[in-house]
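> predicted structure and sequence below. I'll ask about it afterward.
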Amino acid sequence: MVLLFFCLQYFIKNLSMATSLKSLSAHSSKNVQDISDKTFGIIVSEWNEVVTEALYSGAYQTLIENGAKKENIIRKNVPGSFELTLAAQWLAQEENIDAIICLGCVIQGETKHFDFICDAVAHGITNVALKYNKPVIFGVLTPNTQQQAMDRAGGKHGNKGDEAAITAVKMLGF
C-alpha cells in the first residue's frame with residue numbers, strides 16, 4: 001500500500017511535466033524515410049509569436065536535417081491557434097501537400113477560453129487528418145505560463161516544433 005501511495009505521488013507530480021522525462025527534441029531514426037520528394041505545409045499561429053517563431057524554426061530545421069528540400073516546405077500564417085484547423089483543411093485539399101504541421105501556443109488564462117480553444121483545435125486537427133487521410137500534426141503548446149511555453153520552444157525541455165516535424169516525417173514512413 002505504501003508503494004502504491006509513492007507511485008501515485010510520483011505520477012501526480014510528473015503528470016503536468018511529462019516533458020521532464022523526455023526532451024521534445026530527442027527522437028529516434030526509426031521509420032524515417034527519404035522525404036526529399038515530399039511537400040510539407042507548416043501553419044504558424046501569429047498569437048504568442050515569440051513562442052511560435054521558435055517552434056517554426058525547430059520544425060523547419062528538423063525537416064531540412066531529415067532531407068526535405070527548402071522549396072518543398074510551404075509556410076502559412078494564421079492569426080491564432082483556433083484558425084489552424086481551417087488552414088490545415090485548406091492545405092490538406094492540395095494534392096501536392098504530403099503532410100501538414102500545425103504550430104501554435106495557447107497559454108492558460110483566467111477564463112475558460114483556454115479550454116474551448118484547446119479542445120476545438122485538437123479535435124479540428126484530428127478531423128482534418130482523418131478526412132483527408134494525411135498526417136496533420138498537432139504542434140500546439142498548451143502551457144500554464146509563458147515560461148513553460150519558452151521551455152518547450154527551444155528551452156530546457158527541447159522544442160515541440162522539432163517533435164512535430166519528426167512526427168510528420170515518421171507518419172509519412174508508416
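Looks like it came in fine.
> give the next helix or strand downstream of the one helix or strand Phe114 maps to.
Secondary structure assignment for Phe114, by DSSP states H and E: helix 113-132. Note on helix 113-132: by DSSP H and E, the next helix or strand toward the C-terminus is strand 136-141.
> quick one: mean pLDDT for that following strand?
Across strand 136-141, pLDDT averages out at 98.
> spatially nearest residue to Ile64 (excluding sequence neighbours)?
Excluding the flanking residues, the one nearest Ile64 by Cβ to Cβ, 6 or more residues apart in numbering is Lys70, at 6.9 Å. C-betas here are computed from N, CA, C, even on glycine.
> ok, how many other residues are close to the one you found?
8 (other Cβ atoms under 10 Å).
> re earlier: now do the helix holding Phe114, average pLDDT.
96.
> just give me the residue right at the centre of this protein.
Geometric centre of the chain, nearest residue: Gly139, 1.1 Å, by Cα atoms, centre = their mean.
> contact partners for the residue lying closest to that one once chain neighbours are set aside?
Leaving aside its sequence neighbours, Gly139 sits nearest to Ala164 (Cβ to Cβ, 6+ apart; 3.1 Å). Applying Cβ atoms under 8 Å, 6 or more residues apart in numbering to Ala164 gives the contacts Leu55, Ala59, Ile101, Cys102, Leu103, Ile137, Phe138, Gly139.
> picking that back up, you'd agree the residue nearest to Ile64 is up against Gln61?
No: Lys70 lies out of contact with Gln61 (Cβ atoms under 8 Å); the separation is 11.2 Å.
> now do the helices in this structure.
Remark: helices assigned in the chain by DSSP state H are 2-15, 49-65, 84-92, 113-132, 146-151, 160-172.
> closest to Lys38 out of those?
Closest approach to Lys38 among those (Cβ to Cβ): helix 160-172, 6.0 Å.
> taking helix 49-65 as reference, get the angle to that closest one.
Using axes from the mean of the first three to the mean of the last three Cα atoms, to 10 degrees, the direction of helix 160-172 lies 40 degrees away from that of helix 49-65.
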